[in-house]
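Student: Fold the following, please.
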Amino acid sequence: MAQQTEQQPKDRTGRKAADDRGTGTVQRPGDAAGTDQRRVRDSVLVLAIARRELAQQLTNKAFWMSVAITAIMMAVTFGATSYFQSGGGERPSVALAGEQSALAPVLRPHADVSTASDADAARAAVRDGKADAAVIDGQGGIVVQRELPEELGRLLQEAHRAVVLDASLRGHGLTAAEAAEAAAVPPLATTTLDPDAVRTIQRTTTAATAVFILFMLMLVSGLAVAQGVAEEKSSRIAEVLLAKVRARHLLAGKIVGLGASALVQILVLATACLGAAVAFGLFEAPADAVGAGLNVLVWFVPGYILFVTLYAVAGSLVSRPEDVNHVVGPVNGIQMLGLIGPGLALAGTTDSATVEILSLVPGVSWAAMPVRMAYEDVPWWQIGTAFGLMLVTAVVLIRLGGRVYAGGLLQHGGIVKVKDALRGARL
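Tutor: Numbers count the residues shown, from 1 in each chain. As a prediction, the model looks like this:
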């Protein structure tokens, strides 16, 4: 019995030491069950914290107001884009004076035509806004108030050329039918080397637009996370929470909860944007747009985890919420680099080596790679490498950031240095 009494504490001590150190000691019966129980307990804690964060976001009126305002702004933007692409929805108006009324039959299919009694009346119509342009006999030519729109100018010049050519041909004895036949020039046939060019542009534009929207969402969410962590630290709420849960559980719960709330925002905004784009006829192939958007969302997940972790860590380093802006600058700078790839793609610089390099760099690839995939066939190994590096970076950052987060929350008095936070970490 005495031997058993001495052996039992040694067993318990041995198991505890193995758990804390993570060494390769021989696993005793019951250790596996204990490990499983700890994993279940850890998961329950993380989910509980995540539910708390999610509930706070979903019950916040400002959260829904920002979602609604952003959705309305995107719908209005798509509507305005469709309106201006269609030429503003209005036909141009033209006033004709004197013999220039011969232009009327040529112009009427494309513009609203009115006839003025003389040159002064035609100029007055333009001056009063009743006509966008006037065509006057002699040296009067085309009269506009400020600037002649390019499309309207082309229309007037072609109509004038057609009327003059018709008059010249008929002056040489040709009938109206013969003059029309002689003036008819068959158009040149067009061969498209890239028949999918329109769909490629659509996919690229959709992917880049999605990246910009998610970038703003990530930026706003990240700043809110940093501010929230700083407020919890300054009010000592963080110390109360750390007395009940470990720092890594608190950090993981925040990431999961805020990620879920971000997903809600994304779904609402994506539905509004896609619905508006389809309704206004901006997408020739909606399936391509949906595919490009979903691909961006897949890449957004590890990027979001990475940056939210950085923002949470940054918030834990300050003692006052007012100091948050002093520590989030480097995070904002790294995040801004992600916009270079989509920006170059929209500018037409799709063959740039810069885009290829950026699409492989962790922290930047979440934005560059899906846009690159939208306009070209990317080798599978580059896709796998970029995504794998993002995941590895996120995992490493969570572990390292968890230590900084833990050490930073418990230290007060100004901005805590990262090395001091690591030294004071208690995980």
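Student: Distance check, E376 against A247.
Tutor: Taking CB to CB, to the nearest Å as the criterion, E376 is separated from A247 by 43 Å. (Each C-beta comes from the backbone N, C-alpha and C, glycine too.)
Student: Look at those two and report which has more neighbours.
Tutor: For E376 versus A247, neighbours defined as other CB atoms under 10 Å are more numerous around A247 (24 against 13).
Student: per-residue confidence at the more buried one?
Tutor: Looking at A247, its pLDDT stands at 75.
Student: The closest residue to it other than its chain neighbours: neighbour count?
Tutor: Nearest-residue entry for A247: A406, 3.2 Å, with adjacent residues in sequence omitted and distances by CB to CB, 6 or more residues apart in numbering. Around A406 sit 24 other residues, with neighbours defined as other CB under 10 Å.
Student: looking at it, A406 is touching R248, isn't it?
Tutor: Yes. The criterion here is CB atoms under 8 Å, and A406 meets it with R248 at 7.3 Å.
Student: Any regions of the stretch 201-350 of the chain where pLDDT drops low?
Tutor: Where the stretch 201-350 of the chain drops to pLDDT under 70, the residues are 282-285, 348-350.
Student: Could you rerun that using 50?
Tutor: Counting by pLDDT under 50, the stretch 201-350 of the chain shows no low-confidence range.
Student: Double-check R91 against H110; I have them as touching.
Tutor: Yes. With contacts defined as CB under 8 Å, R91 counts as touching H110 at a distance of 7.2 Å.
Student: all strands for this protein, in order.
Tutor: Secondary structure of the chain (DSSP state E): strands at 93-97, 112-116, 133-136, 141-143.
Student: Turn the ones you listed into a markdown table, columns for mean neighbour count.
Tutor: Compiled in a markdown table, the strands of the chain are given as follows (neighbours: other CB atoms under 10 Å):
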| stretch | mean neighbour count |
| --- | --- |
| strand 93-97 | 23 |
| strand 112-116 | 18 |
| strand 133-136 | 25 |
| strand 141-143 | 16 |
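Student: So for L241, which of the ones you listed sits nearest?
Tutor: The closest approach between L241 and any of the strands of the chain, judged by CB to CB, belongs to strand 93-97 at 68.6 Å.
Student: Check which helices and strands that closest one sits against.
Tutor: The contact analysis (3 or more CB pairs under 8 Å, 6 or more residues apart in numbering; DSSP states H and E) places strand 93-97 against helix 104-107, strand 112-116, helix 119-127, strand 133-136.
Student: Buried ones in the helix ranked longest in the chain, by neighbour count?
Tutor: With secondary structure taken from DSSP state H, the chain has its longest helix at helix 197-234. Using 16 or more other CB atoms under 10 Å as the test for burial, helix 197-234 gives 199-200, 202-211, 213-215, 217-219, 221-230, 232-234.
Student: Repeat that for stretch 294-310.
Tutor: Applying a neighbour-count criterion of 16+ other CB under 10 Å, the buried positions in stretch 294-310 are 295-297, 299-310.
Student: so which of those residues would you say is closest to A121?
Tutor: Distance from A121 was checked for each of those by CB to CB. The minimum falls on V296, at 57.0 Å.
Student: Roughly how far does the closest one sit from V245?
Tutor: On the measure of CB to CB, V296 and V245 end up 34 Å apart.
Student: domain parsing for this structure?
Tutor: When the chain is parsed into structural domains using automatic domain parsing, the resulting residue ranges are 92-182, 197-423.
Student: Tell me which of those lies nearest to S43.
Tutor: Between S43 and the domains of the chain, the shortest separation by CB to CB is 9.4 Å, and it involves domain 197-423.
Student: For that closest one, measure first residue to last.
Tutor: Across its full length, domain 197-423 reaches 56 Å end to end, with CA to CA, to the nearest Å as the criterion.
Student: hmm, back to that, V327: which of the buried residues of stretch 294-310 is nearest?
Tutor: Of all the buried residues of stretch 294-310, V327 sits closest to L310, with 10.1 Å by CB to CB.
Student: these two touch, right, that closest one and L397?
Tutor: Yes. Look at L310 against L397 with CB under 8 Å: they come within range, at 7.1 Å.
Student: what do these two both touch?
Tutor: Here L310 and L397 share no contacting residue, scored by CB atoms under 8 Å, 6 or more residues apart in numbering.
Student: Let me see the confidence value for G138.
Tutor: The confidence metric pLDDT takes the value 62 at G138.
Student: G222 and L306 touch, don't they?
Tutor: No. Under the criterion of CB under 8 Å, G222 lies out of contact with L306, with a separation of 10.3 Å.
Student: show me what contacts A180?
Tutor: With the criterion set at CB under 8 Å, 6+ apart, A180 makes contact with D166.
Student: try A386
Tutor: With contacts defined as CB under 8 Å, 6+ apart, the neighbours of A386 are 359-360, 362, 365, 369.
Student: how about 10 Å then?
Tutor: For A386, the contact set (CB atoms under 10 Å, 6 or more residues apart in numbering) comprises 299, 358-362, 364-366, 368-370, 372-373, 378.
Student: Show me the shaky parts of the stretch 51-200 of the chain.
Tutor: The stretch 51-200 of the chain contains no residues with pLDDT under 50.
Student: measure A243 to V404 for me?
Tutor: If you measure A243 against V404 using CB to CB, the figure is 20 Å.
Student: Same drill for the two, tell me which one is more crowded.
Tutor: For A243 versus V404, neighbours defined as other CB under 10 Å are more numerous around V404 (28 against 7).
Student: I'd assumed S316 was in contact with that one.
Tutor: Yes. The pair V404 and S316 qualifies as a contact (CB atoms under 10 Å) at a distance of 7.0 Å.
Student: Quick check: neighbours shared by these two?
Tutor: Shared contacts of V404 and S316, counting by CB under 10 Å, 6+ apart, come down to 247, 251, 416, 421.
Student: okay if I get these as CSV plus distance to V185?
Tutor: Written out in CSV, the entries for those read as follows (distance: CB to CB, whole Å):
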residue, distance to V185
A247, 77
L251, 72
V416, 77
A421, 77
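Student: which two of these lie the greatest distance from each other?
Tutor: Largest pairwise distance in those, by CB to CB, is 15.8 Å, between L251 and V416.
Student: higher neighbour count, the two?
Tutor: Using other CB under 10 Å, the more surrounded residue of L251 and V416 is L251, with 26 against 22.
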